[in-house]
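[1] Predicted model and sequence below, questions to follow.
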Amino acid sequence: MRISRRDVLSGLSLLGLSAGLGGRRSALAATDDYRALVCVFLFGGNDGNNLIVPVDGRYADYAAARRQPTDGGLALPQDQLLPLTPASGSAQYGLHPDMPELQQLWNAGALGVLFNVGTLVAPTDKSSDAAGRVPRPQSLMSHQDQQNQWQTSIPDRPARSGWGGRIADRLPAASLPPLVSVAGNTLFAAGERVHPLAVPAAGAGSFGLTGFDSSTGSRSIRGVMDALRGLDLDNALVQSVAGETVAAFAASGALAPVLAGGSSSTEALFGPTPSSLGKQLLQVARIIEARSVLGATRQIFFVSLGGFDTHNDQLNRQSKLLADVSASLAAFYAATAQLGVASQVTAFTLSDFARTLQPASGGGSDHAWGNHQLVLGGAVRGRQTYGTFPTLALGGPDDFSSEGRWIPTTSTDAYAATLARWFGVSTGDLVSVLPNLGRFPTGDLGFLG
Amino acid sequence: MGSPAACYRDAFTPFLTQTAFFRNAISGPDQLRQRVAFALSQILVISGDEVRPNYAMAEYQKLLLRDAFGTYRQLIADVTLSPAMGRYLNMANNDKPNPLKGTAPNENYARELLQLFSIGLVQLHPDGWVATDATGAPVPTYDQDVVEGLAHVFTGWTYPLQPGATQRTHNPGYYVGPMIPVAANHDAGDKAVLGGVLIHAGQTPQADLAQALDAVAAHPNVGPFIGKQLIQHLVTANPSPAYVARISAVFADDGHGVRGNLGAVVRAILLDPEARGDVKADPSYGRVKDPVMLLTGAARALGVTTDGVYLASASAALAQPPYRSPSVFNFYPPDYALDSGLLSPASALLDSASVFTRANVLRRLLYAPPGPDATVSGATGTQVSLGDLAPFGGDPGALVDSASALFLHGTLSSTARSMILQAVNAQDATDVAGRVRAAAFLVLTSPGYQVER
């Protein structure tokens, strides 16, 4: 089934939202003002040390610390790394061998690599950290806390909103929430004002009620369901459930047809059996394709992939995960290109933390701190790396331990600010979105044009 | 015999553990034990995503059922040496530092034991409030050195010996009985662990382990940390500090000088004044039902008989398949908060997508419960007798009042009652079961029923 503009409009009109649609600049016009951010969270702590590996003389340092797989080590063979050749000169770094699609996108100039980004209270280095002159993020190396801090970019105190949500707080009101998670409730998408929408991944169920028909009995039950959402709300928890339910039903009319199977011209790009990540990104593509009829000009999406907490058997496990990331992100990039919005959509990775360079017993690695990240899109100044690559030495100048845990040299604030600025957040608003940004030397890492 | 897919499902996923769980949770004679063991399975988490053999998950489930009312010290000892946990958090075959190979002891179990299974990240007062330093910052309970010290303690254990197999220093995965020590793989040095306890060099793996677990179990955080989570799982998401303090006191001493008596703790939680009586009318009282509680509660009240198959699949659709959490951090964090700041752990699973899944799963259960699944050996499917509501199909007023009593402790307002009555009366009068289903569906999907009070 192809989704027609009329289907969506009729969904919106059920909500009483269609009245202003004709006058909305974005509704019928071309989408030249549309922009989207797509947060790809790699839950568990992706081992960045095997995502990006130096292929120059520093490979020897890498191999010496990571050790050979035959000894339970984690070193990837040098000749299997996929060279990341810059626009001029020879490759200094290689990509994980199972990410050929992203290597192609690097070569095409759509992929950039950020080195050693992390949660930071303020700029620091090994001596400042050791002397306690700069406090560390609260509960460093705890999954949940570091996941949260990557999403809030506030590592020195509790925060109940994420920077995605705070960006959306500054957008003009729209008929649909500008934040859409395809991975459930998430702190990243929680604003101080805006409440995100969650939608099911492709094939994971309907974004609406099933089993009802047009009979009197069926219609009556549906009508009373609507009424009951406004009754008996004497308890705050009940109110929260009612609020979530009201938001779900309000969005369902417009979005359910968009999210239904076969609605997008980009489906085939994701292959016959998309992975979990692919199914989430397909939903994002479907919504982007329907942006005009949905009246969306600015959207922020959240998708995720779990399983990166590779304390054992890492070589096998991370290979499968990164192969999925590469194929799924490439399919998504192709979808945005087919839709003519490649330069209006930027996808970027976040993850709990990096992992120790030194292998742990069992062929895995343990929790660490600063990590490498990927940014993908037509607006990305790709085929370049950004930031400072750490010295791969156990106990070396970037290691705050003796197992290879890098003190970040770029903050999540600067990373987020670069994305937010491109998305359209004004310089004046950046400090509201990222309250700690002023502590860092730059709010623009330069990876977006 | 089943298909290869069914054989794989039965042997290498927790499917059969899940179906057994739902059968027991709905009709087992030991309801409280089932409920507490399920709560423990969400605190001391392992997942079939990584521990593939179903029998390993079944053994772990039995462990939690057995220890649910025992002492915390016994529970944590059994969990630590459970081969399923050993597999999940990599204590099985965790070796002492190996300079030749350049490997360090695996920190996974050490870290999560402290953070999730016992004391948490920050020091707590007995009433659950976070202790802060002079600057107002929370005081951490441990640092990386403690994690590494414990990681060294937890070296030198391997899987139990499978009957008929030959003992090796690294036994292959086998999940019946506790893990066994291998002194040659155990770090023999000094180890600093929690609370300044120094474990001296040269001890056996068993002696090191006992000393370390003694230190963990004796930490003053355990009572408020574990006690508050049990309250949240069993009674209310936002217990008062006084309630937490009363439970911490019982944890510290059950009245007979025993610390960590979980049976006494559970009794105290359920008999506390804050678990009973007028307090339930407080506007922040209660807990959003996690999907499993939604399903089992509905099933019990509706007179469901089931082989557990549909409920297992429904729980997966609702993102809470028992014993198959996405990570050791459970299906949701205990401190998940609403926009208002109120804690509501299970609300992490209640979003605009799952709102529909909840309704659609309940609709299927009520209107079209699936019959036997041909791929499941001995399947009987799911049947719905409509339970105590069944007799009232011909009397809409009594039907709605009964549904209110059964599902909402009789709290349905007169306005809501009349709305539901209207829908019941709109159903075909000759289809009395259809009238019961309509009333049940509307109450079960109402915002009020999503909150346990």
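    Arrived safely.

[2] So which bits of the stretch 251-400 of chain B are right by chain A?
    Residues of the stretch 251-400 of chain B lying near chain A by C-beta under 8 Å from any C-beta of the partner chain: B:281, B:283-288, B:317, B:319, B:326-329, B:333, B:336-342, B:344, B:347-357, B:359-360, B:363-364, B:367-368. Any C-beta I mention is one placed from the backbone N, CA and C, and that applies to glycine too.

[3] Sort out which of those residues are in helices and list them.
    In helices, defined here by DSSP state H, the members of these are B:A317, B:S354, B:V355, B:F356, B:T357, B:A359, B:N360, B:R363, B:R364, B:Y367.

[4] For PyMOL, what selects the buried ones among the residues of the stretch 251-400 of chain B next to chain A?
    Selection of buried members from those for PyMOL, criterion 16 or more other C-beta atoms under 10 Å in any protein chain shown:
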select buried, chain B and resi 285+286+287+288+317+319+326+327+328+329+333+336+337+338+342+344+347+348+349+350+351+352+353+354+355+356+357+359+360+363+364
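
[5] the helices in the stretch 251-400 of chain A, which residues?
    Taking DSSP state H, counting those that start in this stretch as the criterion, the stretch 251-400 of chain A carries its helices at A:276-289, A:291-294, A:314-338.

[6] And those, which one averages the lowest pLDDT?
    Mean pLDDT per stretch puts helix A:291-294 lowest among these, at a mean of 93.

[7] is chain B contacted by that one?
    No: Helix A:291-294 lies out of reach of chain B by C-beta under 8 Å from any C-beta, never closer than 15.1 Å.

[8] Chain A contacts on the stretch 1-150 of chain B?
    Residues of the stretch 1-150 of chain B lying near chain A (C-beta under 8 Å from any C-beta): B:49, B:89-90, B:93-95, B:98, B:100-108, B:111, B:115, B:121-122, B:137-138, B:140, B:144.

[9] which of those are buried?
    The buried subset of those (16+ other C-beta under 10 Å) comprises B:49, B:89-90, B:93-95, B:98, B:101-108, B:111, B:115, B:121-122, B:138, B:144.

[10] Let me see the ranges of the strands in the stretch 101-250 of chain A.
    For the stretch 101-250 of chain A, strands defined by DSSP state E, counting those that start in this stretch occupy the ranges A:111-118, A:179-181, A:197-198.

[11] what's the closest of those strands to chain B?
    In terms of C-beta to the nearest C-beta, the element of the strands of the stretch 101-250 of chain A nearest to chain B is strand A:197-198, at 3.5 Å.

[12] which one of the helices of the stretch 251-400 of chain A is the most hemmed in?
    helix A:276-289 (a mean of 25; mean count of other C-beta atoms under 10 Å in any protein chain shown).

[13] So is it next to chain B?
    No: using C-beta under 8 Å from any C-beta, helix A:276-289 stays clear of chain B, coming no nearer than 10.2 Å.

[14] hey, C-alpha coordinates of that helix in PDB?
    Output of helix A:276-289 as PDB, limited to C-alpha atoms (Å, rounded to 0.1, in the frame of the first residue of the first chain):
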ATOM      1  CA  SER A 276      16.500  -4.500  14.200                       C
ATOM      2  CA  LEU A 277      18.500  -1.300  13.500                       C
ATOM      3  CA  GLY A 278      17.500  -1.500   9.800                       C
ATOM      4  CA  LYS A 279      13.800  -1.700  10.800                       C
ATOM      5  CA  GLN A 280      14.100   1.300  13.000                       C
ATOM      6  CA  LEU A 281      15.900   3.300  10.300                       C
ATOM      7  CA  LEU A 282      13.200   2.300   7.800                       C
ATOM      8  CA  GLN A 283      10.600   3.900  10.000                       C
ATOM      9  CA  VAL A 284      12.700   7.000  10.100                       C
ATOM     10  CA  ALA A 285      12.900   7.000   6.300                       C
ATOM     11  CA  ARG A 286       9.200   6.500   6.000                       C
ATOM     12  CA  ILE A 287       8.500   9.500   8.200                       C
ATOM     13  CA  ILE A 288      11.000  11.600   6.300                       C
ATOM     14  CA  GLU A 289       9.400  10.600   3.000                       C
END
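
[15] for that helix, the distance to its chain's centre please.
    Centroid separation for helix A:276-289 versus its chain: 13 Å, with C-alpha atoms, centre = their mean, to the nearest Å.

[16] just stretch B:118-125 next, same as before
    Taking mean C-alpha positions (C-alpha atoms, centre = their mean), stretch B:118-125 and its chain are 19 Å apart.

[17] Average pLDDT for that stretch, rounded please.
    Stretch B:118-125 comes out at a mean pLDDT of 98.

[18] now do stretch A:57-75
    Stretch A:57-75 comes out at a mean pLDDT of 96.

[19] what does it rub up against?
    A:47, A:49-50, A:53-54, A:76, A:78, A:314-315, A:357-359, A:361-365, A:391-394, A:404, B:98, B:100-103 (C-beta atoms under 8 Å, 6 or more residues apart in numbering or on different chains).
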